[in-house]
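Asker: Output the structure for:
(one chain, ligands or ions: 1)
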Amino acid sequence: MKLKQKVAIIGVGKMGNTLIDSMLKNKVVNTNQLYGTTSRLETAEQTREKYHINVNTDNLSAVRESDIIILTVKPQIIPRILKEINEVLDKEKLVISIAAAITTHFMEEQLDKDISIIRAMPNVASLVNEGMTVLCPGQFVGKEHLNLAFQIFKSVGDVAVIEREELMDVVTALSGSGPAYSYMMIESLADGGIRMGLPRELARKLAAQSVLGGAKMVLKTGLHPAVLKDDVTTPAGVTIDGLMELEDGGFRVALIKAIDHATQKSKQISK
Ligand SMILES: NC(=O)c1ccc[n+]([C@@H]2O[C@H](COP(=O)([O-])OP(=O)(O)OC[C@H]3O[C@@H](n4cnc5c(N)ncnc54)[C@H](OP(=O)(O)O)[C@@H]3O)[C@@H](O)[C@H]2O)c1
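Answerer: From the prediction side, this is the model:
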């Protein structure tokens, strides 16, 4: 669905570019509805040439011109940016921050008025339109603003909304960091194939497509992963031997612990 609003992307880095790219490709906005900012003139020029949108180093004017402001800068810069744009924010505008570990309460406190702020945790798979974004609305966010944020992130994958902000740490650990875990799994499966003689490129393709296929089966059938696993595990067959090795290597516990530890780390950074 196309937005009528103008959107400012504050910080056109990796995630900022991903959002610009996908919003334009999916026709969520036109080029004349998008503004971008960066701290360096050369990056501004490169991004301007790449997307034919208005990009400069002036955060204030980008925010003044826009209805939706997406903060895609590093977390440590968020307080400085909020102080800088405070004077041009008003109740009609929506601020969305994708900065990890920065709470809506903390951001609301940096401003001298009640502004709609949504905390979003997207992931890097947004680059290929298979992202997972979780939105958490701050205390001043109405339905319309939440719906706008939903539409923006729906253009780069799937979206979920949570109210309990303390869960954003586990969201960060699970879907924010999730692509990294799947890369490691794909790399390891491919190495297994290479060890058994498969050509490298083919091994990588078989591993990646199997992980993608498994994920799609879970999402499309709605069945429990254990049911799907049982369906492909023939008694005395090949798969059960592979599964036994994974159990022996502590595969499940390792993944559960990964989420536990990464969640603790996110909580620690938030403090
Ligand atoms: N990468 C991920 O997978 C991921 C996933 C979820 C959330 N996030 C969050 O997304 C945010 C951005 O991450 P990233 O990986 O995209 O970082 P990044 O590539 O370093 O992008 C940050 C951008 O902010 C710009 N910037 C710095 N100071 C600025 C200022 N004063 N005004 C305007 N722009 C400024 C930088 O521009 P210059 O280079 O010109 O300084 C850079 O282009 C982080 O808060 C992170 O927590 C990232």
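Asker: For the stretch 101-250 of the chain, which segments are assigned as strands?
Answerer: 116-121, 131-137, 157-161 (DSSP state E, counting those that start in this stretch).
Asker: so which of the ones you listed is the most packed in?
Answerer: Comparing these by mean neighbour count (mean count of other C-beta atoms under 10 Å), strand 116-121 ranks first with a mean of 26. Bear in mind the C-beta positions are built from the backbone N, C-alpha and C, glycine included.
Asker: so what secondary structure elements neighbour that strand?
Answerer: strand 94-97, helix 104-109, strand 131-137, helix 143-154, helix 168-171 (3 or more C-beta pairs under 8 Å, 6 or more residues apart in numbering; DSSP states H and E).
Asker: possible to save the strands of the stretch 101-250 of the chain as a markdown table with mean pLDDT?
Answerer: Below are the strands of the stretch 101-250 of the chain laid out as a markdown table (pLDDT from 0 to 100):
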| stretch | mean pLDDT |
| --- | --- |
| strand 116-121 | 98 |
| strand 131-137 | 97 |
| strand 157-161 | 97 |
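Asker: export these to JSON lines and tack on distance to R40?
Answerer: Converted to JSON lines, the strands of the stretch 101-250 of the chain look like this (distance: least, C-beta to C-beta, whole Å):
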{"stretch": "strand 116-121", "distance to R40": "25"}
{"stretch": "strand 131-137", "distance to R40": "26"}
{"stretch": "strand 157-161", "distance to R40": "29"}
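Asker: contacting residues around A149?
Answerer: I68, L94, I96, I118, A120, L135 (C-beta atoms under 8 Å, 6 or more residues apart in numbering).
Asker: What distance do you get for it to the ligand?
Answerer: A149 sits 14 Å away from the ligand, going by C-beta to the nearest ligand atom, to the nearest Å.
Asker: For the residue nearest to that residue when sequence neighbours are not counted, list each beta-bridge partner.
Answerer: Among residues not flanking A149 along the chain, I118 sits closest, at 4.9 Å (C-beta to C-beta, 6 or more residues apart in numbering). Beta-bridge pairing of I118 under DSSP bridges involves I96, P137.
Asker: Wait, I118 touches Q139, no?
Answerer: No - the criterion here is C-beta atoms under 8 Å, and I118 misses it with Q139 at 11.1 Å.
Asker: Please report how far the most centrally placed residue in the chain lies from the ligand.
Answerer: Note on the chain: the residue nearest the mean C-alpha position is P122, at 1.4 Å, using C-alpha atoms, centre = their mean. The spacing between P122 and the ligand, counted by C-beta to the nearest ligand atom, is 5 Å.
Asker: Any idea what the nearest residue to that residue once chain neighbours are set aside is bridged to?
Answerer: Spatial nearest neighbour of P122, excluding adjacent residues (C-beta to C-beta, 6+ apart): T133 at 4.1 Å. Using DSSP bridges, the bridge partners assigned to T133 are V159.
Asker: contacting residues around T133?
Answerer: A120, M121, P122, N123, S126, F153, V156, G157, D158, V159, A160.
Asker: Could you rerun that using 6 Å?
Answerer: By C-beta atoms under 6 Å, 6 or more residues apart in numbering, the residues touching T133 are A120, P122, F153, V159.
Asker: now these as CSV including distance to N32?
Answerer: CSV is the format used below for these (distance: C-beta to C-beta, whole Å):
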residue, distance to N32
A120, 24
P122, 24
F153, 22
V159, 25
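Asker: Which one of the residues you listed is nearest to the ligand?
Answerer: Lowest distance from the ligand to the contacts of T133 (C-beta to the nearest ligand atom) belongs to P122, with 5.2 Å.
Asker: Quick check: that closest one touching G131?
Answerer: Yes - if you go by C-beta atoms under 6 Å, P122 and G131 touch, sitting 5.3 Å apart.
Asker: Could you identify the longest helix within this protein?
Answerer: In the chain, with assignment by DSSP state H, the single longest helix is helix 200-221.
Asker: and that one, which residues are buried?
Answerer: For helix 200-221, burial by neighbour count (16 or more other C-beta atoms under 10 Å) applies to A203, R204, A207, A208.
Asker: Just the pLDDT at whichever residue of the stretch 151-271 of the chain sits closest to the ligand, thanks.
Answerer: Of all residues in the stretch 151-271 of the chain, the one sitting closest to the ligand is G176 (5.1 Å; C-beta to the nearest ligand atom). In this model, G176 is scored at 95, pLDDT.
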